[in-house]
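[1] Model the structure of this input:
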Amino acid sequence: MNILIIGGGIAAQSLVEAIRERDREAQITMVCEEPRLPWDRVSLSHLLIDGEVDELQLRPEAWYEDQAVTVLIGRRVVFLDTARSRARLDDDTILDYDRCALATGSDALMPPIPGIDQQGVVAFRSPEDCAVIQAAADAGRPAAVIGGGLLGLEAARGIAARGAKVTVVHLMDRLMERQLDANAAALLAPAMEELDVQVLLGKQTQTIVGDADGHVTGLRFADGEELEAALVVVAIGIRSRTDLAKAAGLEVGRGIKVDDALRTSAPDVFAVGECAEHRGMVYGIVAPIHDQTQIAADAILAGEGAPDPRYVGSILSAKLKIMGVDLVSIGSAEGSGATVEDRDARTYRKLIVENGKLTGAVLMGDTKGYELLLDRVKNGADVEDALELLAEASKASAADLPDGAQICNCNGVCKGEIVKAINEHDLGSTAEVVARTRAGAGCGTCKPLVTELLLDVRGGKVDENTYLCACRKQTREELAAVIRERGLESVSEVAAACGTGRECGGCNPGLAYLVSEINQNQHREERHARFINDRVHGNIQKDGTFSVVPRMKGGVTTADELRRIADAADKYEIETIKVTGGQRIDLLGVKKEDLPAIWEDLGMASGMAYAKSVRTVKTCVGSEHCRFGLDASMSTGIELEGMLEGLYTPAKVKLGVTGCPRNCAEAYIKDIGLVAIEGGWEVYVGGAGGTVVRKGDLLATVKDKDEAISTAITFLQHYRETADYKERSYTYMERVGLEAVQAVVFDPVEGPALRERFHIAQAAAIRDPWLERRKPVVPNQFSELDSEAPVFGAAPMFEEREPMTVGPPSGAAATSDRIAVTYHDPSDPKEQA
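    Numbering: from 1, shown residues only. Predicted coordinates for the structure are as follows:
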């Protein structure tokens, strides 16, 4: 069967996965109008604060190849011929189909307010909208958001996080009136005030005011008042995209009208998601999408004469975090039942009961029992005592939930599906469950419940294996063996050879480390496989800005370096300058676009404070100055840090060198600590001083600082080669044991071999990533270091080229062969011809 899916959002992706789960042979083609693979639009606010589009991609590029799904990116269906079962694209390509599904989604609703077409007025719907909002907010001019619903509040939070003054303007008498009653809405006010977001309720925008150049300057309301604004974000709702369906002669109302099988007025054409109208309802939230795509997949694949599956509608439900407040809304928010409120704790729990049936719930601040209540609302449960039910819900564990209880709203996964997957596939870790079922792969808020379910099913026992790739159940050791045996030098090569990262892409950062470590930093770097912090060489903060921490070896600096830091802080208007626990200076609040320039002005090496790497070597003044010092800790620390500079590690590594056992540099609780004693040095490993406090294990007592440094680097290289990704040295030591580590580090053959591999890796390490990246940062594009990054998941970031095809050869069933990614380049004379 040849299936055409028109659309490239959450609904289209969900339908593709539902079809492929049922039929491995069907030919599936997805036409994505946007210049990127399907992405998580629900997380748009994350992108606004300062995320990356590729972080929101629902599946890595390789997944479509493996599932034999052809994806046409940046292409648009301009005509649908339902009589002849074919579609025409904007480049006149003709696609024939046996079944077609419309998942065209929606557009932002832009009301006919005078002045709405002026510059500076923007919707909040796409990455391109986010880029416009970011640029305006970063200029520091006042902003207004029209609309006090979910989208409007998310936009306001993102603007406020970027330092701009923002006011939410709402027509109704309370915020989020569809999800909250008046009491719950009132609890949002303190949270919004703390984020410097102002609110105007009961305000009707009459005109969007502009200047002579056609740029917005403010809003004028029906009561005559005005509000200054250089940026206006319109977020009042959505409008189903029905133009294609209407031109094809399909029946259209508020959306594309469908029956209970999600079939349109054309028998071989279906519609799902925000473009579909079912029984007079158009759903604008995620949860119903998964209900619809399951039914639509069954209907699309049903044989001739088979009874149609039935979609009877969905209960409106959402689990959100608004202005930092956890929120659950199920069904109706209005009505009576039972309410428990604690204004000091900012919690509000309400059940709505009509005619003895549970019809809705509102939970704010404390959302425990949401899954149980959602199941009761869906099933129209009888309620004798609403307060008793609230109490029951607050105590409900995973074991108490029925199999039909929805655990993951983002991906529509129920308890029964998770339990079945755990049992059938012998899943032993949360990561495996997430990889297999997709529960927790969205916003992640359901992961604790997923873990609770796992423990319940397995009787409290979890798998001791730590998989680098949970999707394929591949351990670090297994992948390392393949990389060595085949001489693989990039993440892409490992993905092609082993399938690693091709399901969800979550293991790519760990794989990037493994490839670099095994190849002793003589590998092919693919920046798209790294975390955002590693890609931009800065530590992202909660408001979307970055911190800049220049290296100060051993915590020692100069007057000249301090002057440069002060000058840079003034020039870039750094609000917070902090002396860190690692004896360095942290400049907090640097804008992403200012990173290359501030690095240039500082003229200092990166302190790698953002990476899983060797961070810093903390020292005391030692015998150079202290009357208690037994040896030169400062110079020893500076020498050690210079040797380790630029090395990536499985997890962050912090070191300390102290000139006597008084431990002023906290060497006993560092990953590696050197302590001067009478007649020599002690070397400690596996210490911790954070959420876990642990004194390090005494690895050795040696005669001088050269032997201490040699012992430290030998241990570090052993840890680099054998620890699991993200495994801190203290958990590594507890897992492996001191004696086992000593046996390797001091082995007469392996010890020198470890040191040799360390020096090779150290010689190839990039000592100063800032120096390598001192060029302007262009959002959603690779830098010069990224230009050779080849394949998996990278293509959608190239905005200057229009992607054309991602997927398997035409007609291929689900396979694991390599894929070809081709692009349409309008400037190419061959393509013009």
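[2] Only C-alpha atoms from now on, for both contacts and neighbour counts.
    Will do.
[3] hey, C-alpha coordinates of stretch 413-429 in PDB?
    C-alpha atoms of stretch 413-429 as PDB (Å, rounded to 0.1, in the frame of the first residue of the first chain):
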ATOM      1  CA  VAL A 413       1.600   6.200  26.300                       C
ATOM      2  CA  CYS A 414      -0.500   4.300  28.900                       C
ATOM      3  CA  LYS A 415       0.500   2.200  31.900                       C
ATOM      4  CA  GLY A 416      -0.500  -1.100  30.200                       C
ATOM      5  CA  GLU A 417       1.800  -0.400  27.200                       C
ATOM      6  CA  ILE A 418       4.700   0.300  29.500                       C
ATOM      7  CA  VAL A 419       4.200  -2.800  31.600                       C
ATOM      8  CA  LYS A 420       3.800  -4.900  28.500                       C
ATOM      9  CA  ALA A 421       7.100  -3.500  27.000                       C
ATOM     10  CA  ILE A 422       9.000  -4.200  30.300                       C
ATOM     11  CA  ASN A 423       7.800  -7.800  30.400                       C
ATOM     12  CA  GLU A 424       8.100  -8.600  26.700                       C
ATOM     13  CA  HIS A 425      11.500  -7.000  26.100                       C
ATOM     14  CA  ASP A 426      13.000  -7.500  29.500                       C
ATOM     15  CA  LEU A 427      13.600  -3.800  30.000                       C
ATOM     16  CA  GLY A 428      15.700  -3.100  33.100                       C
ATOM     17  CA  SER A 429      16.300   0.600  33.200                       C
END
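[4] pretty sure L363 belongs to a helix, no?
    No. Checked against DSSP: H, G, I helix; E, B strand; the rest coil, L363 lies outside a helix; its state is strand.
[5] quick one: contacts for it?
    By CA atoms under 8 Å, 6 or more residues apart in numbering, the contact set of L363 is L327, V328, S329, T347, Y348, R349, K350, Y370.
[6] which one of those is nearest E341?
    Y348 (4.4 Å; CA to CA).
[7] neighbours around R486, how many?
    By other CA atoms under 10 Å, 11 other residues sit near R486.
[8] Pull up the gap between it and P509, please.
    20 Å (CA to CA, to the nearest Å).
[9] Equivalent analysis for A761, please.
    Applying CA to CA, the value for A761 to P509 is 19 Å.
[10] Neighbour count: those two, which is higher?
    A side-by-side neighbour count of A761 and P509, using other CA under 10 Å, places A761 first with 23 against 20.
[11] so where does that one fall, helix or strand?
    helix 750-764 (DSSP states H and E).
[12] what sits up against that helix?
    517, 520-522, 643-647, 710, 713-714, 717-718, 744-745.
[13] one more time with 6 Å, if that's ok
    For helix 750-764, the surrounding residues in contact (CA atoms under 6 Å, 6 or more residues apart in numbering) are Q520, N521, T714, Q717, V745.
[14] For those, which two are the farthest from each other?
    Pairwise over the contacts of helix 750-764, using CA to CA, the maximum falls at N521 and V745, 21.6 Å.
[15] between these two, who's got more neighbours?
    A count of neighbours by other CA under 10 Å puts V745 above the other of N521 and V745, at 25 against 22.
[16] List the contacts of that one.
    G751.
[17] just to revisit the earlier point, now the contacts of helix 750-764 as TSV including secondary structure?
    TSV is the format used below for the contacts of helix 750-764 (three-state DSSP):
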residue	secondary structure
Q520	coil
N521	coil
T714	helix
Q717	helix
V745	helix
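[18] coming back round to it: in strands, which of the contacts of L363 fall?
    Using DSSP state E, L327, V328, S329, T347, Y348, R349, K350 are the members of the contacts of L363 that sit in strands.
[19] measure the nearest residue to the first one once chain neighbours are set aside to E452 for me?
    Counting by CA to CA, 6 or more residues apart in numbering, the nearest residue to L327 once its immediate chain neighbours are dropped is M364, at 4.6 Å. M364 sits 22 Å away from E452, going by CA to CA.
[20] More neighbours: which of those two?
    When M364 and E452 are compared for neighbours, M364 comes out ahead with 26 against 16, by other CA under 10 Å.
[21] ok, now which ones touch that one?
    D326, L327, T347, Y348.
[22] From W39, how far out is the residue nearest in space to the middle of the chain?
    The centre of the chain sits closest to E55, judged by CA atoms, centre = their mean, with a distance of 5.1 Å. For E55, the distance to W39 equals 9 Å [CA to CA].
[23] for P448, phi and psi?
    Phi and psi for P448, reported as degrees, to the nearest 10, are phi -60, psi -40.
[24] Measure how buried it is and give me the count.
    Other residues close to P448 by other CA under 10 Å number 13.
[25] what's the answer for I540, then?
    22.
[26] Distance check, the residue nearest to it when sequence neighbours are not counted against D601.
    Sequence neighbours aside, F546 is the residue nearest to I540 in space, at 4.5 Å (criterion: CA to CA, 6+ apart). Look at F546 and D601: by CA to CA, they are 16 Å apart.
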